[in-house]
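A.B. asks: missing the sequence, but the structure's below:
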DNA sequence: ATAGGGTTAG
């Protein structure tokens, strides 16, 4: 027996555990209470799967108090509350009198019902066992009832170091740095646990300098202390620091344990460096550490973030019964990161249990992969089930989805949900609200959120500036820039892109030039904005000169502005030049062919126009599919050219027909005669009017209150024909129509559009 | 037997 006892202490992996198990069977020791208790103890230490642990438990014909207690501890560690209490009931039925140490476990497992359990213990007079007292205190700390914990602490006739440590951790738990510090200074005697609690406490409130100060001052350090410091760095995104400290730990000849590896591996995930990942895996193998499921999950995440999805999936599959919520969530996030929503969705539906992070992962995944409507549907599903409360992360994704859709009704509903459910937003949460209102064209509300924020970061400014830029409010954008300077907030490259775009959309040439001059290191995007600005105000030769003199290679976006301006100003020479550059840079973009063809057409050079159209067809260049949508009744109604899929399709076409008739009668089509020349039937159909924009506007006319503002969103640029048509509709129907395309707003009122585009 | 460190989402 002593021989096996020695072996038991050396067991470090589940495989070794199974070997020991086999040996016990050979020696017919496997069903003795002592050994069953030992095996269960090892299951707890090694996080063995529940199926195995349960099998071991049933080996004992009549489990004694130790077998039961160890099993209870196992269940407690696995968070299997039901099993903990079922076993406790069993023990009472079998008259196995629980030893004191079972009670702390029961308190831990009883969750928020622990308070009743405490009463139960008081009744039985068990309250004065020092372990139970400590456990009750720990319970109060865990659920944030720090005052009750303190009451117990103060009433204690004598306090152990463990009691001091518990109460200090309790204060750290609630982020109460001051009180934790006070008690630490008051403590008559401290141990390594006390010091480590201080390190991890400061790390928790993101004060890594103080954490490090305590870490360096510690009279002795355990592996846990090192882990606390390394994880502290990892949690705060300081991956390099974490790895540096880990190397230092190794140079002291200390042995890293699983927790160390978890922190180091997760730091490596942040860096996304596949080479580092590979060397790390090698080091883990060299050290002979057998990765537990924490390490494996961290490795899974690391492989996924370093681009090796196959390896990640292999670990996921290999984890089998050890898969938990975190593993599933990590794998789902891995798929959404590469845009594989189908696989992510499949896993999401397969997972046996979900938590807030599961929902957040899938909602954010949809939101970031262009499936905003799906993100909102999932959110509705989440709150309908009522067993999980959305948090700020959920809301940020949902708010951002509303923004992408331009769905103001939904956005307002979500904002209401925030106040009703008292979800506080941090800076980035408020930023997402600014983004949402900006994208919905509600600049007044966007500004209000901005102004009511207690603290703002550069992203707050950039988001609002970008909003004003899209809305064509150059003056407001410039005002924000000077406000930034007043408040000594440093503008970054995004700020300047926003400001220059704003100048461009408002035709503020001199202001734009001055800002451009003030940028220290303008990059290619700033040049692109300037080319756009010159182009829009009609200074095409200056735009060309800027392109010729810029210190970097121009990209497609730069020529794009100039090509469009060449069409507006009928500059065939520049149009040909820029179009040819663009055919080289992005041969599959149909827009460039269409633009050049239109330049020729407007000059009456039909043969050239046809030649370019032919070139496009020969090159197999397909037009990008455009769609438009309207928000109504909390739903998104989407349309494509010639769409008949909508429920109200017949009515929509009726309204559209009426519009067309009115337009024809009023003679609006006259100036468009050039486009109604000899074209193919299919093309004519498109030009006359079943564009997605027109269908969306017709739908909005059909369902909205008379006189109400119509809001339409288009995924691509609003096309020229539609622009003209919507102008006319706004005049005929006396309606304000706001159309948002991929980068700006067109506000149509009484036959005019707010944008400076010359079609 | 009680107290300190762990993986996932914006």
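C.D. replies: Yes, it's here. Computed from a predicted model, the values in this text were never measured in an experiment.
A.B. asks: pLDDT on the longest helix along chain A, on average?
C.D. replies: The longest helix of chain A (DSSP state H) is helix A:649-665. Confidence for helix A:649-665, expressed as mean pLDDT, is 82.
A.B. asks: who's in contact with that helix?
C.D. replies: Helix A:649-665 has contacts (CB atoms under 8 Å, 6 or more residues apart in numbering) with A:643, A:646, A:669, A:688-690, A:694-695, A:698-699, A:701-702, A:725, A:728-729, A:732. From N, CA and C alone the C-beta is placed, and that goes for glycine too.
A.B. asks: how about the closest residue to DNA strand B within the stretch 651-759 of chain A, what does it touch?
C.D. replies: The stretch 651-759 of chain A approaches DNA strand B most closely through residue A:742 (19.7 Å), counting by CB to the nearest atom of the strand. Contact analysis of residue A:742 by CB under 8 Å, 6+ apart lists A:714, A:715, A:716, A:717.
A.B. asks: try 7 Å this time
C.D. replies: Residues counted as contacts of residue A:742 (CB atoms under 7 Å, 6 or more residues apart in numbering) are A:715, A:716, A:717.
A.B. asks: how about the last one, secondary structure?
C.D. replies: Following DSSP: H, G, I helix; E, B strand; the rest coil, residue A:717 is assigned to coil.
A.B. asks: so what's it closest to, chain neighbours aside?
C.D. replies: Spatial nearest neighbour of residue A:717, chain neighbours left out: residue A:741 (5.1 Å); criterion: CB to CB, 6 or more residues apart in numbering.
A.B. asks: report how many residues lie close to the one you found.
C.D. replies: As a burial measure, residue A:741 scores 22 neighbours (other CB atoms under 10 Å).
A.B. asks: that one and residue A:718 touch, don't they?
C.D. replies: Yes. Residue A:741 lies in contact with residue A:718 (CB atoms under 7 Å); the separation is 4.7 Å.
A.B. asks: which residues in the stretch 151-300 of chain A form helices?
C.D. replies: A:161-173, A:177-186, A:192-204, A:208-217, A:223-235, A:239-251, A:258-271, A:274-286, A:293-305 (DSSP state H, counting those that start in this stretch).
A.B. asks: want to try TSV for the ones you listed, with mean neighbour count as columns?
C.D. replies: Converted to TSV, these look like this (neighbours: other CB atoms under 10 Å):
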stretch	mean neighbour count
helix A:161-173	21
helix A:177-186	15
helix A:192-204	22
helix A:208-217	16
helix A:223-235	23
helix A:239-251	17
helix A:258-271	22
helix A:274-286	15
helix A:293-305	23
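A.B. asks: weakest of those helices in terms of mean pLDDT?
C.D. replies: helix A:274-286 (a mean of 88).
A.B. asks: can you check what angle separates that helix from helix A:293-305?
C.D. replies: Here helix A:274-286 points in a direction 160 degrees away from that of helix A:293-305 (axes from the mean of the first three to the mean of the last three CA atoms, to 10 degrees).
A.B. asks: briefly note if helix A:274-286 comes near DNA strand B.
C.D. replies: No. Counting by CB under 7 Å from any atom of the strand, DNA strand B is not contacted by helix A:274-286; separation bottoms out at 12.0 Å.
A.B. asks: and if you look at stretch A:444-457?
C.D. replies: No. Stretch A:444-457 lies apart from DNA strand B when judged by CB under 7 Å from any atom of the strand; the minimum separation is 13.0 Å.
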